[in-house]
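J.: Predicted model, plus sequence, below.
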Amino acid sequence: MARNPIKDQVAIVGVGSTGFSRDAGGRSRDSLVVEACVNAIKDAGVDKADIDGVCGTAPAAHQVVSMLGLPEATYYLNQPVPFGFSIMDAMNAVHSGSCDVALVYHGVYRSPAISRSAAADPFRRKLGFGGQPLGASQRVDPESVEGSVGYTAWASRYMSEYGVKREHLGYVAVNGRTNAGRNPLAAMRDPMTMEEYLGARMIRDPLCLYDMDVPVDGADAFILTTAERARDMTDHPVLIHASSTGVIAKNKEDQAPGLHHHGQHVVVKNLRAKSDLWLPDVDVYFPYDGFSFITLAWIENSGWCGPGEGGAFLESNWDKDAGRIMIDGRIPVNPHGGALSEGGTQGSGHVREAVTQLRGDAGERQVPGARTALLTPGGFFFNAQGLILRRD
Amino acid sequence: MSSISDQELLERLPDFLIVHDNKEFYRGWLLRQLLLNRCQDCGVWHHPPGPICPECWSSDLRATPVSGRGTIHTLIWLRQGPPTPGVDYSTPYPVATVELAEQPGLRFTSTVTGVAPGDIAIGASVELAWIERHGEPFPVFRPAGS
């Protein structure tokens, strides 16, 4: 068992969200972020003077302190996406005593580079990913597999090595859309058939429109504190049982050793060593789905099945009547719709839904008696993450 | 290498982030040579160029010509992408990561010229070629022996 002194010592006690949409209208990124933050603070039932830690993606943490009028913060830092970095940062800060009550936030704001409707908004013209101002731009040639394109490249290798069919990726996309239909916070709620998936426009062959997450506007926020304090605040604190990030030396997209060795393998090995709970204990499962292919990779690398078997695994765990994945007939996968259908939240939506499920607040989506959630945000190269959350 | 000054290099390839670690790689482009870093102490090749050898931490790296021969390791066909002179996405545009003959795992990514979907697949042999883009040489691949 690996050293894990923080096990079950930090709890998530508040959740807030704006919900996600294809177009939030004439609103700024910051207005979305502060709305989610205020909702999370109210949900936790804490006073703003109690919050002494602020961690998130964008805007800068000190700006969030200012916009919310938080009197004093002793710990405030920003982390990159996906969202697991921010949660783990806040967790470590609470446990170490750097702060006692941490506000953790993430906002998404469609960039004019990836959304035609966002490009029509004159107030977004100088903004890039996550609403961050664009710096001096570099030349971009098509002959690159950096960033998100890298997943398409490795998907081509995966499909070639294992003889994977597009239908196998389609299960991930259809599952997300079915689940989003029951999530009022989701952007894409109309059901989708496998035929519609297979007929979709190819963007970067072998991946199509529905293999890629959907750009949205919106924000999520959370309140973290010590487990001890959490038990005084609520009768249903959600504890962070184990967490890990993972990266290897060759983490440049086109130089990665292969499908058998990248950041996900580091995460799974470490998470498993730190955790008392593993796959047989999981009630609700959140493999990342920024691309459908990433989901199959997480399923395989986490040990639900062998390499190259992810698609067949989904096929045999497919609930035909419901049109979604139910592992062993009981474990739903990304029941909020995931990045593919709730919206591309870089993991914050996955964390929010896990907390909601473990608190028993998921309404018609509720997994009966859910006590343990496995989350694996991020991809292969420089942002693989894992979290095990449990109900106290 | 000395035939192209630092000033000329920066002026002819103005839109790349060229620094001391990768200047010989880009200088090679202007000479139509694909130069990848090879450690002079342990002999291991690396790409992209970095400040030291990640294997043995030697600083004695040399931008060294590669044969340009290799096999396609990943292959995608873009139906859309960044606007680029000479690239028309109405025909699927191939982008291949090629495993070079010099060393297992040493890869270089570019397009493959003169092919349509179905002409090439993962595992196919390719060789280095050069095209012009923005008036300067740009490294690409073509099917081996074409």
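T.: It's in. Numbers count the residues shown, from 1 in each chain, chains lettered A, B, ... in the order given.

J.: Pull the contacting residues for A:Ala49.
T.: Counting by C-beta atoms under 8 Å, 6 or more residues apart in numbering or on different chains, A:Ala49 makes contact with A:Leu70, A:Pro71, A:Glu72. In this view, the C-beta of every residue, glycine as well, is placed from N, C-alpha and C.

J.: isn't the first one right next to A:Gly53, touching?
T.: No - with contact defined as C-beta atoms under 8 Å, A:Leu70 does not count as touching A:Gly53 (9.7 Å).

J.: shared neighbours of these two, which are they?
T.: Taking C-beta under 8 Å, 6+ apart as the criterion, A:Leu70 and A:Gly53 both touch A:Leu103.

J.: Mind checking which of the two has more residues around it?
T.: More crowded of A:Leu70 and A:Gly53, by other C-beta atoms under 10 Å in any protein chain shown: A:Gly53, with 25 against 21.

J.: The nearest residue to the more buried one once chain neighbours are set aside: how many residues sit nearby?
T.: Closest residue in space to A:Gly53, ignoring its immediate chain neighbours: A:Cys99 at 2.9 Å, by C-beta to C-beta, 6 or more residues apart in numbering or on different chains. Residues near A:Cys99, counting by other C-beta under 10 Å, number 21.

J.: per-residue confidence at A:Cys99?
T.: Turning to A:Cys99, the model gives it a pLDDT of 97.

J.: Could you look up the SS state of it?
T.: Look at A:Cys99: counting by DSSP: H, G, I helix; E, B strand; the rest coil, its state is coil.

J.: from chain A, which residue is nearest to chain B?
T.: Closest contact between chain A and chain B, by C-beta to the nearest C-beta, is at A:Arg139 (3.2 Å).

J.: part of a helix, is that residue?
T.: No - counting by three-state DSSP, A:Arg139 is not part of a helix but coil.

J.: show me the contacts for it.
T.: So A:Arg139 contacts B:Asp15, B:Phe16 (C-beta under 8 Å, 6+ apart).

J.: Near residue 81, how many other residues are there?
T.: Assuming you mean chain A. A:Val81: 22 neighbours (other C-beta under 10 Å).

J.: That was the other one, I meant chain B.
T.: Neighbourhood size, B:Gly81 [other C-beta under 10 Å]: 18.

J.: ditto for A:Gln264
T.: 27.

J.: Could you report the pLDDT at it?
T.: Among the per-residue scores, A:Gln264 holds a pLDDT of 98.

J.: Contact partners for it?
T.: A:Gln264 makes contact with A:Gly246, A:Ala297, A:Trp298, A:Asn301, A:Ser302, A:Thr376, A:Gly379, A:Phe380, A:Ala384 under the criterion C-beta under 8 Å, 6+ apart.

J.: The spatially closest residue to A:Val140 that is not a sequence neighbour: helix or strand, and which one exactly?
T.: Closest residue to A:Val140 apart from its sequence neighbours, by C-beta to C-beta, 6+ apart: B:Pro82 at 4.4 Å. Assigned by DSSP states H and E, B:Pro82 falls within no helix or strand.

J.: Please verify my assumption that A:Met245 contacts A:Gln385.
T.: Careful, residue A:245 is Thr and not Met. Yes - here A:Thr245 lies in contact with A:Gln385, judged by C-beta under 8 Å, at a distance of 5.0 Å.

J.: How many neighbouring residues does A:Thr193 have?
T.: Neighbours around A:Thr193, by other C-beta under 10 Å: 12.

J.: tell me the contacts of it?
T.: Contacts of A:Thr193 (C-beta under 8 Å, 6+ apart): A:Val174.

J.: ditto for A:Gln366
T.: A:Gln366 touches A:Gln357, A:Gly360, counting by C-beta under 8 Å, 6+ apart.

J.: repeat for A:Ala186
T.: Going by C-beta under 8 Å, 6+ apart, A:Ala186 touches A:Gly19, A:Phe20, A:Ala180, A:His336, A:Gly337, A:Ser341, A:Glu342, A:Gly343.

J.: Filter those down to the buried ones and express that as a PyMOL selection.
T.: Selecting only the buried entries of those in PyMOL, with 16 or more other C-beta atoms under 10 Å in any protein chain shown as the criterion:
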select buried, chain A and resi 19+20+180+336+337+341+342+343
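
J.: Reformat the contacts of A:Ala186 as CSV; add distance to A:Ile223.
T.: CSV is the format used below for the contacts of A:Ala186 (distance: C-beta to C-beta, whole Å):
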residue, distance to A:Ile223
A:Gly19, 19
A:Phe20, 20
A:Ala180, 26
A:His336, 19
A:Gly337, 24
A:Ser341, 27
A:Glu342, 21
A:Gly343, 22
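
J.: how much space between the closest residue to chain A within chain B and A:Arg139?
T.: Per C-beta to the nearest C-beta, the residue of chain B with the smallest distance to chain A is B:Asp15, at 3.2 Å. Distance of B:Asp15 to A:Arg139, given as C-beta to C-beta, to the nearest Å: 3 Å.
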